[in-house]
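Asker: Quick one, structure for this:
(2 chains)
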Amino acid sequence: MASSEAVSGAARRPRGIGSFLRSQMRNIAPFLTLIFLSLFFAFASPSFATLDNLGNILTQVSVTGVIAVGLTFVILCAEIDLSIASIANVTGIAVAYFTVQESYVNIANIPLPGAAAILLSLLLCATLGFVNALGLTVIGIPSFIMTLAMMQIAAGISALLVRGQIAYKVPDLIATLGSGSIGGIPWIVIVAAVMLLAGHLVLTYTRFGRYVYMVGGNREAAEYSGLNVKLILGVVMVISAVCSGIGGMLGVAHFGSAQQNEFDTYLLDSIAAVVVGGTSLFGGRGGIGNTIVGLFVLGVLNNGLDHVNIDSFLKILIRGLILLAALIINVYAQRLREKAAE
Amino acid sequence: MPQGRSPILELQGITKSFGGVEALRGVDFALYAGEIHGLVGENGAGKSTLMKIIAGVHPEFSGRFLVEGKETRFRSARDAHAAGIAMVHQELSVAPDLTVAENVFLGNQPTSRLGLVQWRRMAREAGEQLARFGIDVDPMSRLGDLPIGLQQLIEIARVLFSGARIVILDEPTSALSPPEVERLFATLRRLRDEGTGIVFISHFIEDILRVSDTVTVFRNGRKVAETPASTTTKGALIEAMIGRGGEALEHSYTDDLMLPAANGGPVVLKVDQLSLARSLQDVSFEARSGEVLGIYGFMGCGQQELSRILFGKLKPDSGALIVDGSQKSFASTAAARRAGVALVPESRRAMLFHQEPVYKNISISILDRISAMLLKPAQERDIAQRQVEQLQIRPPVVGLDLGMLSGGNQQKVALAKWLTYPPRLLVLCEPTRGMDVGAKNDVINIVRDLRAKGLAIIVLSTEPETVLSLADRILVLKRGAVVREFKNEPVSKDRLLEAA
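Answerer: Sure thing, here's the model as predicted:
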C-alpha cells in the first residue's frame, strides 16, 4: 500500500521479483486478505456488495479509523497505547459534561459555550496523553504498563463525571460531524478520511515522520544520531491521546449518548486495525496505508459476518482467529525482511 | 599441510549473492583435521560469508559442500552444530544476565534424572573448563558484570570446549589483551594437536602467521592465494589481499614514533574532574581544534563511559564539561549534537539503521539542517551521494539498504553521518576495529582531513595501533584514571602497553 517504504524504496532496488515480493509481504498479505474477504462475502450474501453497504462499512470503521491514526504513530515507534479507548470515552463524556443537557439528565455538569466545551475536552485528552508521555520518557515506565494505568485513570474520570448516568447533548459542531452528512456522505467518514490523510502526510513527508520511523527502526541508533528520542516518543503519545479524544467526541455524537464503558471494544479494534494492516509490532515498518487496509479488513469482516447470518458468538471467535493470522504474518514478514537485509 | 589425507570439510565452487551483490564467486576451500587454517582478506572480501555458510547461518548458496567426503546441506545453524561445527561470531553473543556457568553450558546444562538443573555440578565443571583456559572467575557471577574482554574469552572457551570437530573463530582477538591472546593461542594449538580443525579469521596478520598452519587469502569474493604459513610473509599476504604493493601500508609501531610539538588551536573541549561511579575518577583533559587526541587503555578502563558522557548519553556523578568556553550539562544526545559534539560508537549496530537505505542513514543526523518541516529527499540523496563518493563507499548506491553493505563500508557510513556539517568535536570509538588495511588507511586519511579542517578529534581505542596511527597526543586511561600523557615525545606500542 502507500507506506513510505513502498513509495521510496521499491522501484530503485536492484533485486529479483521474488525478493521484492518477500520484502513487501507485510503490505501485500493484508491487501490479499481484504480482497479475499470481500469476494467471499460478495458471493455469500447478495446484500453485501452494494453501494449502500459500502457506506455502512465506511461509517462503521470511522471512529476506529480516527483512533487508529494516533495508534499507528505509537506502534511505529515500537510502543503501545492501551489507554486509547478510555481516553476516547472520557473525552466524549467531557464534551457532553460541558454542554447543556435536557432537564431529565441528572448530572451536575458545567454548561459552557460549544467552542469552549470542545477546547476543554481536547485539552483534557492532550493532558492525559502528556501524562502518558511523562511516565514513559521521564520516569521510564514501559508504555504497556503506563497506559494500562492510564486506562484505569481515564475510566475513573469518566465514572466521576457521569456517575452512572447517560448524557445526550453535545455541541452542535460535534453533533454535525458525528452524525450529520453532506451530499449523502456522512461527515464522520470525511473526518476520518481527512485525519488518515493528514497522518499519512505527516509520516511520509515531514521530518517528524521520518524521526518516528527511525526511532522505531532502531532506537539506540536514533539516540546515537543525536535525535531527541524522548521528545519524539512523548509527542507520539500526545498525538495518540488527541486522536483518541477526537474519535471519542465524534463517537458520542454518532451513538447519540455519552456513558461509561461505551468505547471498550475500540481498544482491540484499533490495535487490530493497525496490526492486521501490516504495521510492524517491532516498530519502523508500515504506516497509515497499512492501517487503512487493516480498517477495511476489520470493517468487511464485522459487516460481512452480519450479512451471512452467522452465530453471533462464533463471530467473536472468527475475529480472534483472523487477528491471530495477521499477527503470524506480521512476525513472519519481519523475519523475511531481516533475512533479505542481512 | 597434511598430505594424502582427505579433508574433514570441503567446499567446491561456492557462489553466494545478496540481492544481486555477489559476495562469493566460485570459492574452493578445504579444512583438514589437526589444522589451524588462517583466513585473511579486506572487509567485504567474503571471509565471513563463507564461514557463515559453513556454520549453517546462510543455508542458500550454490556449490558443493562436503563433510568428511559426504555431500551435505545444512538448513540451519542447528544442523551445523549437530554435525560438530561451532563458530564464534565477530559480535559477542552471550547472555549477560545469566551466570558464567550458565553461559558456558548454554543449551546443554547438566540435569539430574528428574530433569532438574544440577547447579553445583554445572558451576564446578564450568570452573574447571575455564581454569584450563587460564580464566579465574566465580562461575556463579553474572556474566554481564565482567569486562568485555573476559566475556569474549568465556564465549570462545564455551565454543572450544563444546566438543566440536570444526571450530570457526571470526576476529576473536580484537577485544583481548596481549596475555589473553597468548592464552587463546596456546589453547588453539592444544585442540589442534588433539585433532580439531580450526578456522581463524583475523585482521591482525601477525596473529595469523603465528598461529596458523595454512593461510588462505580472499579478495573480492574470490580465493586468491593459499599457502603454508611458514613460507609466506606479512608483506606477501597484504599484497595478495589488496592486490597492490602493500609494503608501507601497515606500520607495526614497534619502533618509536615522535609525537609532534603542541600544534594547539583554541581549546574546544575542557573536561574537568569528571567522575562516574566504578568507571571514571577525576578525569581532566583538553581537546584542541586541529588536533587528534588519542585515549588508550585496556578494555573496561572507562573509555566507553567517557565517550558516552561527552555525547550526553550518560550523566557524570561530578565534574564539568566545557565546550567552547561554556559549561554544558547535556540533557540528551540531541543537546550534545546541537552543541557541536558528534560520536561514532564502537558498535556499528548502535548507530546505523540496517533496514533503511544508505541515504537515510547519512541524513538522519542533519535532517534539521536540511529541512524545517517537510523532507527534501532529492537533497538528502545528493548529500549522501557526495559523502559516498568522497569516502569511497562500495557499492556507491545511496538507495541500497544499509544491511547489504560490508562491515567496513558500514563503518564509513557511520562516519559519513557527521561529515556534511562537521561538528566542533568528533569522538571516535574504535574507528578502525575489524577493518582491513585498505579501509583502515581510508579512515586514517579521513580523520587527517578533518583535523586539517580544524575539528577537535578524540580517538578512543583499546588497540595501540589505532591510537598510534591517528593521534597527535595520547592519554593513557587505567581503571578510570588518566595515568600518563604522551606529547611531543617518542612513543611506541611497548611504551603504551607499559603505561597501561
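Asker: all strands for the stretch 151-300 of chain A, in order.
Answerer: Applying DSSP state E, counting those that start in this stretch to the stretch 151-300 of chain A gives strands spanning A:181-182, A:185-186.
Asker: Oops, could you answer that again for the stretch 101-250 of chain B instead?
Answerer: Counting by DSSP E, counting those that start in this stretch, the strands of the stretch 101-250 of chain B are B:166-170, B:197-201, B:214-219, B:222-228.
Asker: Next, count neighbours for the residue of the stretch 151-300 of chain A at minimum distance from chain B.
Answerer: Closest contact between the stretch 151-300 of chain A and chain B, by CB to the nearest CB, is at A:G226 (3.0 Å). Where C-beta positions appear, they are placed from N, C-alpha and C, glycine not excepted. Neighbours of A:G226 under the rule other CB atoms under 10 Å in any protein chain shown: 27.
Asker: hmm, back to that, make JSON lines out of the strands of the stretch 101-250 of chain B and add mean neighbour count.
Answerer: Converted to JSON lines, those look like this (neighbours: other CB atoms under 10 Å in any protein chain shown):
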{"stretch": "strand B:166-170", "mean neighbour count": "24"}
{"stretch": "strand B:197-201", "mean neighbour count": "25"}
{"stretch": "strand B:214-219", "mean neighbour count": "24"}
{"stretch": "strand B:222-228", "mean neighbour count": "16"}
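Asker: Any chance of CSV for the ones you listed, columns distance to B:A261 and mean pLDDT?
Answerer: Putting those into CSV (distance: least, CB to CB, whole Å; pLDDT from 0 to 100) gives the following:
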stretch, distance to B:A261, mean pLDDT
strand B:166-170, 42, 90
strand B:197-201, 41, 92
strand B:214-219, 41, 91
strand B:222-228, 44, 89
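Asker: Go through the ones you listed and name the closest to B:Q281.
Answerer: Of all the strands of the stretch 101-250 of chain B, it is strand B:166-170 that lies closest to B:Q281, at 35.3 Å by CB to CB.
Asker: by contact count, what packs against the closest one?
Answerer: Judged by 3 or more CB pairs under 8 Å, 6 or more residues apart in numbering or on different chains; DSSP states H and E, the packing partners of strand B:166-170 are helix B:47-54, strand B:85-88, helix B:148-160, strand B:197-201.
Asker: So for B:T233, which of those sits nearest?
Answerer: strand B:197-201 (17.9 Å).
Asker: if we can go back for a sec, does the residue nearest to the residue of the stretch 151-300 of chain A closest to chain B when sequence neighbours are not counted belong to a helix, a strand or coil?
Answerer: Counting by CB to CB, 6 or more residues apart in numbering or on different chains, B:R337 is the residue found nearest to A:G226 once chain neighbours are left out, at 3.0 Å. State at B:R337, reduced to three classes by DSSP: H, G, I helix; E, B strand; the rest coil: helix.
Asker: which regions of chain B lie under the pLDDT threshold?
Answerer: B:1-4, B:19-20, B:43-44, B:91, B:148, B:174-175, B:242-255, B:262-264, B:299-300, B:434 (pLDDT under 70).
Asker: Chain neighbours aside, what residue packs nearest to B:K453?
Answerer: The nearest residue in space to B:K453 (CB to CB, 6+ apart) is B:P422, at 6.2 Å.
Asker: So the one you found sits against B:A456, correct?
Answerer: No: in this structure, B:P422 is not within contact of B:A456 by CB atoms under 8 Å, at 10.7 Å.
Asker: how much space between B:F204 and chain A?
Answerer: 26 Å (CB to the nearest CB, to the nearest Å).
Asker: ugh, typo on my part, it should be B:D272
Answerer: 24 Å.
Asker: Regarding that residue, what is its secondary structure?
Answerer: strand.
Asker: I'd say it and B:V323 touch.
Answerer: No: between B:D272 and B:V323 no contact is recorded; they are 11.9 Å apart, counting by CB under 8 Å.
Asker: quick one, which of those two is more surrounded?
Answerer: The neighbour count for B:D272 versus B:V323, taken as other CB under 10 Å, is higher for B:V323 (22 against 15).
Asker: Ramachandran angles for the more buried one?
Answerer: phi -110, psi 120 (degrees, to the nearest 10).
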